[in-house]
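1. Everything below, folded, please.
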Amino acid sequence: DVQLQASGGGLVQAGGSLRLSCAASRFTFDDYAIGWFRQAPGKEREGISCISDTDGYTDYADSVEGRFTISSDNAKNTVYLQMNSLKPEDTAVYYCAADCDSSWRLPDYWGQGTQVTVSS
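-> Take a look at the predicted model:
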């Protein structure tokens with residue numbers, strides 16, 4: 001069973017930063033690309049970033065390009081999402097997922113979400 005554990009959410013003021021972590025178990029990053037998705041109240045879940053260690057691929061949604069950075073630590077089997085210059089519209093539940101790609105289709109494997117709230 002693929003297992004993913006997201007953490008690091010919280011309340012931050014606009015312009016601030018947060019770093020989310022996604023700890024993976026029972027698989028390695030050679031098996032799947034790992035991505036971050038988010039879902040705001042009343043909106044559909046959307047893909048915002050994806051990383052593949054096998055080919056060095058990273059991708060970002062336009063809404064976060066230049067503000068968010070995805071990275072991975074293979075030794076810790078953890079993927080990070082550094083979020084800078086946060087905006088109130090970034091408020092959402094953030095999820096990590098395995099087997100993402102540039103189509104931003106919803107993957108099959110999900111961790112639980114972590115709430116990010118950005119106050120104005």
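
2. Pick out the residue nearest the middle of this protein.
-> Closest to where the C-alpha atoms of the chain average out (Cα atoms, centre = their mean) is residue 36, at 2.3 Å.

3. Report the distance from the one helix or strand that one maps to to the chain centre.
-> Here residue 36 sits within strand 34-39, counting by DSSP states H and E. Here strand 34-39 is found 4 Å from its chain centre; the criterion is Cα atoms, centre = their mean, to the nearest Å.

4. Whichever helix or strand comes after that strand packs against which elements?
-> Counting by DSSP H and E, the next helix or strand C-terminal to strand 34-39 is strand 46-52. Secondary-structure packing of strand 46-52 (3 or more Cβ pairs under 8 Å, 6 or more residues apart in numbering; DSSP states H and E): strand 34-39, strand 57-60, strand 68-73. Using the backbone N, CA and C atoms, a C-beta is placed for each residue, glycine as well.
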